[in-house]
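J.: Pasting the sequence and the predicted coordinates here, then a few questions.
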Amino acid sequence: MRARLPKIAPRTYSRIATIAFVSLVAIVLSGAAVRLTGSGLGCPTWPDCNGRFITTELDYHASVEYGNRLITGFVGLAVIAAALMAFLRRPYRKDLFLLSLALPAGVIGQIVLGALVVEYELPPELVMQHFLLSQLILAAAFALMWRARRIEDDSNPSEPRNTVLATRAIVPLTAWILLLGTITTGAGPHPGTNGDQVARRFVFRGGDTLDWMIHWHGRFSTFFGLCAVALWVYLRRQQASARLRRAVTVLCLLVAAQGVVGFVQYETELPAGMVWVHITLATLTWISVLWAVAAAGKLAPAADTAGEPRPARTPA
């Protein structure tokens, strides 16, 4: 029976995985727009909007919220296609199929969280989880896209063990910065409501919560930027591959841009547009870290690296 099923070529599947990844990035940015435009409760019921599934009688905030839900529908189709086509891809690869399953599972989790966010009127804890889960799904989608573009035993050599470890060390720090950023946003002036709607904010340090979080987020972000620059210098000295150095260069530029945007939005009292740019750059920074880790390659066992000659590097 399996022989009768349609066969998907590797190049076609690579395009499908790329579409799924791009659609997941789009839903992260549209979800941020929902919150920052005060449209989080634009549709106070879920999955319908004011009792209807399809309606043209929507005000601005309902249109923004319902539009985000429609984009979620497209994302759902994209990730289901990525999972189904991974099964039909020829030659079949188990690693791609297992990775692809994480995408629809994550989107289902996002739908459940989205329903709870609306039901409980935007509690910051659930809104945080909504954003952070999206970053985990992006990680799976990026890995799927990256691996789908390469043969199973990639001929491009991995970096030396110490270089791979140094690159991967920046991942938990990036995750920590994202966590601090979501807590800061949860204490800020953009809870996702408008008009007379009220949403709870983080107030674990009373009226100083937002300012306290901004400063700690800024301190760790500065440390993160220094670590990114240190990694860039290390890779130059180690003559790492051009693709890895390119990824870390992009990372450093994004972190620098984040610093400028963070300073401007603090001085201008967190306007919604600047916060959206900040969230967009945060998402791109996370993607650049994933890119760097993928470019560094697999981590070779310590015993296998002793006495081996350095692989030739591609010139910058």
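T.: Noted; the coordinates are in hand.
J.: Show me how this protein divides into domains.
T.: Using automatic domain parsing, the domain ranges for the chain come out as 1-153, 156-316.
J.: JSON lines please, covering these and showing mean neighbour count.
T.: Every residue, glycine included, has its C-beta placed from N, CA and C. Shown next, in JSON lines, are the domains of the chain (neighbours: other CB atoms under 10 Å):
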{"stretch": "domain 1-153", "mean neighbour count": "18"}
{"stretch": "domain 156-316", "mean neighbour count": "16"}
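J.: can these go into a markdown table with extra columns for mean pLDDT?
T.: What follows is these, written out as a markdown table (pLDDT from 0 to 100):
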| stretch | mean pLDDT |
| --- | --- |
| domain 1-153 | 88 |
| domain 156-316 | 89 |
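J.: Quickly note the distance from Gln197 to Pro44.
T.: Gln197 sits 9 Å away from Pro44, going by CB to CB, to the nearest Å.
J.: cool, Val64 as well?
T.: Distance from Val64 to Pro44, by CB to CB: 14 Å.
J.: how about the helices in the stretch 151-300 of the chain?
T.: Shown for the stretch 151-300 of the chain, the helices assigned by DSSP state H, counting those that start in this stretch span residues 161-168, 170-186, 209-237, 242-267, 272-296.
J.: nearest to Val34, of those helices?
T.: Nearest of the helices of the stretch 151-300 of the chain to Val34, taken as CB to CB: helix 272-296 at 10.5 Å.
J.: so what does that closest one touch, helix or strand wise?
T.: Applying 3 or more CB pairs under 8 Å, 6 or more residues apart in numbering; DSSP states H and E, one finds that helix 272-296 makes contact with helix 10-36, helix 124-148, helix 161-168, helix 170-186, helix 242-267.
J.: Report the distance from that helix to the chain centre.
T.: Chain-centre distance of helix 272-296: 7 Å, with CA atoms, centre = their mean, to the nearest Å.
J.: Stretch 175-187 too?
T.: In this view, stretch 175-187 has its centroid 14 Å away from the chain centroid, taken as CA atoms, centre = their mean.
J.: which residues are in contact with it?
T.: 124-125, 127-128, 131-132, 135, 201-203, 209-210, 213-214, 216-217, 220-221, 224, 275, 278-279, 282, 286 (CB atoms under 8 Å, 6 or more residues apart in numbering).
J.: Please name the residues that touch the most centrally placed residue in the chain.
T.: Nearest to the geometric centre of the chain sits Gln135, at 3.3 Å (CA atoms, centre = their mean). Applying CB under 8 Å, 6+ apart to Gln135 gives the contacts Val28, Ala175, Leu178, Thr283, Trp286.
J.: Mind telling me the two of those residues farthest from one another?
T.: Pairwise distances across the contacts of Gln135 (CB to CB) peak at 15.4 Å, for the pair Val28 and Ala175.
J.: ok, Pro47 touching Ala115?
T.: Yes: judged on CB atoms under 8 Å, Pro47 makes contact with Ala115 at a distance of 7.3 Å.
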